[in-house]
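Enquirer: Okay, predicted coordinates and the sequence, questions at the end:
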Amino acid sequence: MAGTKPYPQELRERAVRMVAEVRPNYESDWAAITAVAARLGIGTAETLRKWVRQAQVDDGQRPGVTSEESAELKRLRRENAELRRANEILKAASAFFAAELDRPTTRS
């Protein structure tokens, strides 16, 4: 299931907002997260905790790599891999044509 997100973005955002809203009613972040996860049917509280932490990074409330930076990094890595492949192809083609030029030509 790599790359797929089992929960819609709207649910993620709503869950993160709910944790912030109900946090004062609980003794810890974890207690609030656990309650909201159970109420919204999110598989594990740990999943919601990660969403909350990422939202805090994205909002500048916590150090870390923002979702936008992470997406850009992923895009650049993919582009880099494509460029490496293209470079290997060009090297192989260059070697092939260099070898062709070095061969003596026979005229009939």
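Expert: All right, it came through fine.
Enquirer: Show me what the helix or strand harbouring E46 is packed against.
Expert: Per DSSP states H and E: E46 is located in helix 45-58. Other elements packing on helix 45-58 under the criterion 3 or more C-beta pairs under 8 Å, 6 or more residues apart in numbering; DSSP states H and E are helix 9-22, helix 29-40, helix 67-102. Heads up, the C-betas are built off the backbone N, CA and C, glycines and all.
Enquirer: Export those helices as JSON lines, with columns for mean pLDDT.
Expert: Formatted as JSON lines, the helices and strands packed on helix 45-58 follow (pLDDT from 0 to 100):
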{"stretch": "helix 9-22", "mean pLDDT": "95"}
{"stretch": "helix 29-40", "mean pLDDT": "96"}
{"stretch": "helix 67-102", "mean pLDDT": "93"}
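Enquirer: export those to a markdown table and tack on distance to W51?
Expert: Listed next are these as a markdown table, based on distance: least, C-beta to C-beta, whole Å:
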| stretch | distance to W51 |
| --- | --- |
| helix 9-22 | 5 |
| helix 29-40 | 9 |
| helix 67-102 | 10 |
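Enquirer: Highest mean neighbour count out of the ones you listed?
Expert: Of all the helices and strands packed on helix 45-58, helix 29-40 has the most neighbours on average by mean count of other C-beta atoms under 10 Å, namely a mean of 17.
Enquirer: Which residues does that helix contact?
Expert: Around helix 29-40, the neighbours that count as contacts under C-beta atoms under 8 Å, 6 or more residues apart in numbering are 11, 14-15, 18-19, 22-23, 25-26, 42-45, 47-49, 52.
Enquirer: In the helix holding E46, which residues are buried?
Expert: By neighbour count on 16 or more other C-beta atoms under 10 Å, the buried set for helix 45-58 is 45, 47-49, 51-55, 57-58.
Enquirer: Give me the local confidence score for K5.
Expert: On the pLDDT scale, K5 is placed at 66.
Enquirer: How is this protein divided into domains?
Expert: According to automatic domain parsing, the chain is divided into the following domains: 1-64, 66-108.
Enquirer: how far does stretch 57-72 stretch from start to finish?
Expert: 16 Å (C-alpha to C-alpha, to the nearest Å).
Enquirer: Run through who's touching that stretch.
Expert: 53-54, 56, 73.
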